[in-house]
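Engineer: let's see this in three dimensions:
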Amino acid sequence: MRTSDPKYRKYMLALMGVCAAIIVIVNMPK
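Structural biologist: From the prediction side, this is the model:
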C-alpha cells in the first residue's frame with residue numbers, strides 16, 4: 001500500500017477524526 005494513495009489518506013484522516021472525537025467526548029465535563 002502506498003501512503004500517497006487517496007483512499008489510504010482518506011482512511012487515515014477518518015481514523016484520526018474518530019480518535020479526536022473520542023478524546024473530546026471523554027474530556028467533556030459531565
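
Engineer: do a quick rundown of the helices in this protein.
Structural biologist: Counting by DSSP state H, the chain has helices at residues 6-27.

Engineer: low-confidence ranges in it?
Structural biologist: 1-4 (pLDDT under 70).

Engineer: the residue nearest the centre of the chain and residue 25, how far apart?
Structural biologist: Taking C-alpha atoms, centre = their mean, the centroid of the chain lies closest to residue 16, which sits 1.6 Å from it. For residue 16, the distance to residue 25 equals 15 Å [C-beta to C-beta, to the nearest Å]. Glycine gets a C-beta too; all of them are placed from N, C-alpha and C.

Engineer: do residue 6 as well
Structural biologist: Applying C-beta to C-beta to residue 6 and residue 25 gives a distance of 29 Å.

Engineer: can you check residue 9 too?
Structural biologist: In terms of C-beta to C-beta, residue 9 sits 25 Å off from residue 25.

Engineer: of the two, who's got more company?
Structural biologist: For residue 9 versus residue 25, the count of surrounding residues by other C-beta atoms under 10 Å is larger for residue 9: 12 against 8.

Engineer: and the gap between the more buried one and residue 18?
Structural biologist: Counting by C-beta to C-beta - residue 9 and residue 18 are separated by 15 Å.

Engineer: then residue 10?
Structural biologist: Going from residue 10 to residue 18 by C-beta to C-beta gives 13 Å.

Engineer: residue 11 now?
Structural biologist: 11 Å.

Engineer: residue 7 too?
Structural biologist: As judged by C-beta to C-beta, residue 7 and residue 18 stand 17 Å apart.

Engineer: ok, now residue 5?
Structural biologist: From residue 5 across to residue 18, the span is 20 Å (C-beta to C-beta).

Engineer: go on, residue 25?
Structural biologist: 11 Å.
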